[in-house]
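>>> Just to be clear, the model below is a prediction. Sequence and coordinates:
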Amino acid sequence: MKLQEKIFREKGILLTLKELEKRLEEETKRNLAYIKEKLEENLYHWYDEPPNALITVKSSKLKLILEELKLKLNAKSIEDLLINKLKIPRKQARKYLKILEKPTPKLKVKTLLQLCKHLKINPNQLELLDAFTRKFPVNLKSPTITKLLTHMINEGNISKRTKGKYPKATYDNKDPTLHVYIRKLLENLGVKYEKPPTYKKNAYTTNIDATTTRILVKAGLKPGKKTITNPTLPTPIYTNPQLRKYHIQTTLTEEGSSTVRISGKRVKMEITWDRSIDITDKLTPKQKQTLKQILEKEKEKRIPIGKVKKKIKDKKIANSIIAIAYGNSPKLVREETALLNKLHISDVKQKIVKSYPMRIQLSKDGRFTVAWRAYIANPKAIDLIVKKYGMLPNTWKEERLKKQYEIYLKYREKRLSDEEIKQVKKQIKSIPRRMPTQWRKQRFKELFEKDFK
């Protein structure tokens, strides 16, 4: 019997060798297509940009393609190649030739796609040739994008698209050092800055370019208020220890706070971070009306959860509002506390992070939000967080944390005398609660004035 006529049994069906080979080939093609599809889901290509978006190309790379085609088709010149060999209309060919005169021309995406069609090349070939001044394709699961997502979730803002305009993104923070972090990540994507961050409304602002904004949206960051969009942790943080550490450090620096205080003649320390969630749509008209009446009387339009019952006479309404506040926590708070507790419960022998709703606030546009606080107070947990994670190096909050932790380590095992309490309080008071203006200005000068003169 010939080899190709041998019979194989598959799930009770008799197959010849040729039939089996055909099935294996089809299965392989399906698997490769699936893998390619999944990879494409995590990539942002230059042609994923809107058709009218401008994209900067390196004309030297386009010339390499044209020179190769010129030799292949035996053309006398690039003009001869475009007009006579590739049959591109003369007017369009002249436009392409004019584009090639500039080293880094800006083209509309649809124009570049049309050029690829005329040259009969795959648009991906331009990415392989590194034909752009910024990097394409962008891996949406890369460390750079994941870190950027963390910064933008904490202190970033992406406006909603209105009147045909695309979302606009900014990063706002008072600490100049954090702008260095975010700008270095943007530089990894090929973004260049010609101006330092601008200072307005008690914070520095770094504007995020339109392409990066669209990349962040494609990566999962929804435009609009984060209290409403309720973002989640970027997936790579669960599997990558380095990205997880960066997320915790960044969150503690941007959204967190550390305090040292005297309690019962002992030194206590606490590390916290806050996140808010919109509960407007969870409230009944009666609950909204009651809350609005109470909050409008408050100077800062907010009230601690613990005072809701005192302020609202109708206890049934008060209890229902409190229940809604406790029943709706930001996804990030749930995910961050769950992740840290799962990772380190064996180290501390108990949950290291707990969370609770702090207050209800009325926003300027008449919506109600609940601020949640995640907090760490257990001494072993404090040690673990400070030593394993800490805050981002060279930031104001990192400097402050180090000084506070030094006091905490020195006195936490002692029951203090009255004289020692005075000394410790003096040491605690010497650490400013807010970033000093002089520190901010000096740091900005060190980081930016030498590069942007």
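Done, it's in.
>>> In three-state terms, label Lys102 for me.
Of the three states, Lys102 takes coil under DSSP: H, G, I helix; E, B strand; the rest coil.
>>> Could you give the number of residues near Glu49?
Number of residues near Glu49 (other CB atoms under 10 Å) recorded here: 20. For the C-beta atoms, the positions are set from N, CA and C on the backbone; glycine is no exception.
>>> That one: what's it in contact with?
Contacts for Glu49 (CB atoms under 8 Å, 6 or more residues apart in numbering) come out as Ile55, Val109, Thr211, Arg214.
>>> Can you tell me which of those residues is closest to Pro176?
Thr211 (24.7 Å; CB to CB).
>>> separation between the nearest residue to the closest one once chain neighbours are set aside and Thr56?
Sequence neighbours aside, Glu49 is the residue nearest to Thr211 in space, at 6.4 Å (criterion: CB to CB, 6 or more residues apart in numbering). Per CB to CB, to the nearest Å, Glu49 is found 12 Å from Thr56.
>>> Flag the shaky bits of the protein, pLDDT-wise.
1-17, 20, 26-40, 162-164, 453 (pLDDT under 70).
>>> Show me the residue at the heart of it, geometrically.
Leu149 (0.7 Å; CA atoms, centre = their mean).
>>> Just the element for that residue, please.
Counting by DSSP states H and E, the element that carries Leu149 is helix 143-155.
>>> buried sites along that helix?
For helix 143-155, a neighbour-count test (16 or more other CB atoms under 10 Å) marks Thr144, Ile145, Thr146, Lys147, Leu148, Leu149, Thr150, His151, Met152, Ile153, Asn154, Glu155 as buried.
>>> Next: stretch 117-132.
For stretch 117-132, by 16+ other CB under 10 Å, it's His118, Leu119, Pro123, Leu126, Glu127, Ala131, Phe132.
>>> Distance to Leu100 added to these, as CSV?
Below are the buried residues of stretch 117-132 laid out as CSV (distance: CB to CB, whole Å):
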residue, distance to Leu100
His118, 14
Leu119, 12
Pro123, 18
Leu126, 14
Glu127, 19
Ala131, 12
Phe132, 15
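>>> Looking at those residues, which are in strands?
Using DSSP state E, no member of those sits in strands.
>>> I'd like to know which of these is nearest to Glu335.
Glu127 (33.7 Å).
>>> correct me, but the residue nearest to the centre of the chain touches Thr235?
No - taking contacts as CB atoms under 8 Å, Leu149 lies outside contact range of Thr235: 10.0 Å.
>>> now for the helix or strand following the helix holding Leu149, which elements pack on it?
The first helix or strand that comes after helix 143-155 along the chain, using DSSP H and E, is strand 156-158. With contacts defined as 3 or more CB pairs under 8 Å, 6 or more residues apart in numbering; DSSP states H and E, the packing partners of strand 156-158 are strand 169-173, helix 210-218.
>>> Lys349: which of these is closest?
With CB to CB, the closest approach to Lys349 among the helices and strands packed on strand 156-158 belongs to strand 169-173: 36.0 Å.
>>> Show me what counts as buried in that closest one.
Buried-residue list, strand 169-173, by 16+ other CB under 10 Å: Ala169, Thr170, Tyr171, Asp172, Asn173.
>>> Turn these into a markdown table, columns for distance to Gly220.
Listed next are those as a markdown table, based on distance: CB to CB, whole Å:
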| residue | distance to Gly220 |
| --- | --- |
| Ala169 | 14 |
| Thr170 | 19 |
| Tyr171 | 17 |
| Asp172 | 21 |
| Asn173 | 22 |
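>>> farthest pair in these?
Going by CB to CB, the pair spanning the buried residues of strand 169-173 furthest: Ala169 and Asn173, at 13.8 Å.
>>> host element of Arg183?
helix 176-188.
>>> Just the buried residues of that helix, please?
Pro176, Thr177, Leu178, His179, Val180, Tyr181, Ile182, Arg183, Leu185, Leu186, Asn188.
>>> For the third one, which non-adjacent residue is closest in space?
The reference is to Leu178. Once flanking residues are discounted, Leu178 sits nearest to Thr395: 6.3 Å by CB to CB, 6+ apart.
>>> For that neighbour, grab the count of nearby residues.
24.
>>> got it, and Asp175?
There are 24 residues near Asp175, going by other CB under 10 Å.
>>> Give the full set of residues in contact with it.
Asp175 touches Tyr204, Thr253, Thr395, Trp396, Lys397, Met435, Arg440, Arg443, counting by CB under 8 Å, 6+ apart.
>>> Mind putting these into a markdown table with distance to Lys349 and secondary structure?
Below are the contacts of Asp175 laid out as a markdown table (distance: CB to CB, whole Å; DSSP: H, G, I helix; E, B strand; the rest coil):
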| residue | distance to Lys349 | secondary structure |
| --- | --- | --- |
| Tyr204 | 42 | strand |
| Thr253 | 28 | helix |
| Thr395 | 31 | coil |
| Trp396 | 33 | helix |
| Lys397 | 28 | helix |
| Met435 | 36 | coil |
| Arg440 | 41 | helix |
| Arg443 | 40 | helix |
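>>> For the residues you listed, give me a markdown table that also has distance to Ser77.
As requested, these are arranged in a markdown table below (distance: CB to CB, whole Å):
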| residue | distance to Ser77 |
| --- | --- |
| Tyr204 | 52 |
| Thr253 | 58 |
| Thr395 | 57 |
| Trp396 | 61 |
| Lys397 | 62 |
| Met435 | 63 |
| Arg440 | 59 |
| Arg443 | 56 |
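>>> By neighbours, which of these wins?
Neighbour max across these (other CB under 10 Å) = Thr253, 26 neighbours.
>>> And that residue, how close does it get to Ile271?
Thr253 is 11 Å from Ile271, by CB to CB.
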